[in-house]
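*Asks:* Give me a model of this one.
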Amino acid sequence: MAIFNTYGSHLLSTGSSVPDLLINNDTISNFIDTSDQWISTRTGIRERRLITSNQSIIDLAANASNEALEKASLQPEDLDLILLATSTQNDLFGSASQLQASLKAINAAAFDITAACSGFVMGLVTAHQFIQTGAYKNVLIVGADTLSQWVDWSDRTTCILFGDGAGAAILQRNKNNDILGFQLNTNGNNSHHLSIGYSYSETIKNSQALETPIPRYGKIGHYAYLTMNGKEVYKFAVSAVPRSINKCLEEAKLSTKDITWLLLHQANQRIMETVANKLNLPMEKVLSNIQLYGNTSAASIPLALNEAFKTGHICNGDIIVISGFGAGLTWGTSIIEWKTLQ
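*Replies:* Numbers count the residues shown, from 1 in each chain. Sure thing, here's the model as predicted:
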C-alpha cells in the first residue's frame, strides 16, 4: 500500500533483550534424537536463549524498551502509545498494560497485537498510521515472544526452532518520513499449518452454584503444544514473501537494486536464502542472526534490527526492506529509508 503523506515517521531508536540461559544444539541432543549438524544444516540455528522461572515476557519487553528509550533520550512519560506484538502474553486479556506499568509510561495508551511472527511488521505499520494522522508523536513498538514455553520438548521438529527474546523500536513524528510503503496479507484458510490450538476437555454446568434458574454452561480446556507443518510453511514463505516484497517495492517506485539491507523474520536460514535468491540479492545484503537466537517470533526482526544499528551496518540513506511471515497465516512487508535526524 502506498503511503499518503501527512506527517512523517522517523525510526528514532531500537533496543533488544534476550534471556541469560543459553541452550545450544549439543545440549538438546542430550535429551532428543538429534545433533548439532542435523539442526544447523537444516535451520541455520546453533543456539537459542530461554527464559527461566524467575523471568517473564514483561521483563524482556521492558529491558528492550528501556534501551530504546535511553538511546532516544526520551523518558517513559514521553510515550503516547505502546504496541506490544506478542502471541505469548502472560494474560489472556493481553500484556501491553503490564508493560506500560513496568515502564511507568503514565501518558501512554497500550494494547497488544497478536500476529505471531508478523507481529512487529504489523505493529510498525499500525504505529505509522497513528503518527501520520497526527494523533501521536512518540510510539513504542515491542516484539516479544517466549515460544519455548509452548513447544513440546520431545518433538524434535519444533523444539529445536524456537528461542525467547524481545526487541523494541520507537517511531517519532517528523517532517521527514522513513516509511516508504507497506504491504500486509492474511490467509486464514491455512492457519492450521502453524498453530497453538485450544482444546475443550470437559463441559460443566454451573447454574446451581449461581443459584439461578437460567442454565449457564462453561467449558474447561487447555492450550495444546505448538504444531507446525514445516513443508507447507516453507512453501508458503518462499512464495508469498518475495511477492509481497516485489509488490511493495513497485508501489514505492523502487526495485530490488535499491535495497541496501533485507531483514526477514528469522525463521529458517534456508527460507532466507531462497527468498534472497528469488529477489536476486546476494546474502551479503541479508541481515541474519538466527544462528544465535533461533526463531524468536515477533522479536526476531527488531532484535536483528537493533544489532544491525549497534554494529554500524545501517547508515544514513540506507533502504531496509523488512518482511515478517508466520502463523495466521500472516505476512507483511515494510520499506524504510533510514535517515539521521536533521
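*Asks:* biggest helix in the protein, by residue count?
*Replies:* In the chain, assigned by DSSP state H, the helix with the most residues is helix 230-251.
*Asks:* Which secondary structure elements does that one sit against?
*Replies:* Helix 230-251 sits against strand 179-186, helix 269-278, strand 319-326, strand 330-337, with contacts defined as 3 or more CB pairs under 8 Å, 6 or more residues apart in numbering; DSSP states H and E. All C-beta spots, glycine's among them, are computed from the backbone N, C-alpha and C.
*Asks:* Can you say which of the ones you listed is nearest to Ile290?
*Replies:* Among these, the nearest to Ile290 by CB to CB is helix 269-278 (5.7 Å).
*Asks:* Give me the buried positions along the following helix or strand past that closest one.
*Replies:* Tracing the chain C-terminally past helix 269-278 and defining elements by DSSP states H and E, one meets helix 290-293 next. Neighbour-count burial for helix 290-293, counted by 16 or more other CB atoms under 10 Å, picks out 290, 292-293.
*Asks:* same check, this time on stretch 46-56
*Replies:* Of all the residues in stretch 46-56, those buried under the rule 16+ other CB under 10 Å are 46-51, 55-56.
*Asks:* Which residues outside it are in contact with it?
*Replies:* 18-25, 36, 39-40, 57, 59-60, 90, 146, 148-149, 162-165, 291-294, 296 (CB atoms under 8 Å, 6 or more residues apart in numbering).
*Asks:* Using PDB, list the CA coordinates for that stretch.
*Replies:* Extracted C-alpha coordinates of stretch 46-56, given in PDB (Å, rounded to 0.1, in the frame of the first residue of the first chain):
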ATOM      1  CA  ARG A  46      23.200 -23.300  16.600                       C
ATOM      2  CA  GLU A  47      21.900 -21.900  19.900                       C
ATOM      3  CA  ARG A  48      18.900 -20.100  21.400                       C
ATOM      4  CA  ARG A  49      18.000 -18.300  24.700                       C
ATOM      5  CA  LEU A  50      15.300 -19.400  27.000                       C
ATOM      6  CA  ILE A  51      13.600 -17.600  29.900                       C
ATOM      7  CA  THR A  52      13.700 -19.200  33.300                       C
ATOM      8  CA  SER A  53      11.100 -19.400  36.100                       C
ATOM      9  CA  ASN A  54      12.200 -16.100  37.600                       C
ATOM     10  CA  GLN A  55      11.700 -14.200  34.300                       C
ATOM     11  CA  SER A  56       8.700 -13.100  32.300                       C
END
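*Asks:* ok, back up a step: can you name the two of the buried residues of stretch 46-56 that sit furthest apart?
*Replies:* Spanning the widest gap among the buried residues of stretch 46-56 are Arg46 and Ser56, at 26.1 Å by CB to CB.
*Asks:* among the contacts of stretch 46-56, which are in strands?
*Replies:* Residues from those lying in strands, with DSSP state E as the criterion: 21-24, 146, 164-165.
*Asks:* Give the buried subset of those residues as a ChimeraX selection command.
*Replies:* Of the ones in strands among the contacts of stretch 46-56, the buried ones can be selected in ChimeraX as follows, counting by 16+ other CB under 10 Å:
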select :23,146,164,165
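*Asks:* picking that back up, list the buried residues of the longest helix of the chain.
*Replies:* Residues of helix 230-251 classed as buried: 233, 236-238, 240-242, 244-246, 248-249, 251 (neighbour count, 16+ other CB under 10 Å).
*Asks:* Next, work out how far apart the residue nearest the centre of the chain and Phe120 are.
*Replies:* Nearest to the mean C-alpha position of the chain, by CA atoms, centre = their mean, lies Ala298 at 1.6 Å. In this view, Ala298 and Phe120 are 5 Å apart by CB to CB, to the nearest Å.
*Asks:* try Thr146
*Replies:* For Thr146, the distance to Phe120 - CB to CB - is 15 Å.
*Asks:* ok, which stretches of the stretch 101-250 of the chain are helices?
*Replies:* Ranges of helices in the stretch 101-250 of the chain, per DSSP state H, counting those that start in this stretch, are 119-132, 230-251.
*Asks:* can you list those in a markdown table and add distance to Gln266 and mean pLDDT?
*Replies:* Shown next, in a markdown table, are the helices of the stretch 101-250 of the chain (distance: least, CB to CB, whole Å; pLDDT from 0 to 100):
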| stretch | distance to Gln266 | mean pLDDT |
| --- | --- | --- |
| helix 119-132 | 11 | 97 |
| helix 230-251 | 12 | 95 |
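*Asks:* so which of the ones you listed gets nearest Gly94?
*Replies:* Of all these, it is helix 119-132 that lies closest to Gly94, at 12.6 Å by CB to CB.
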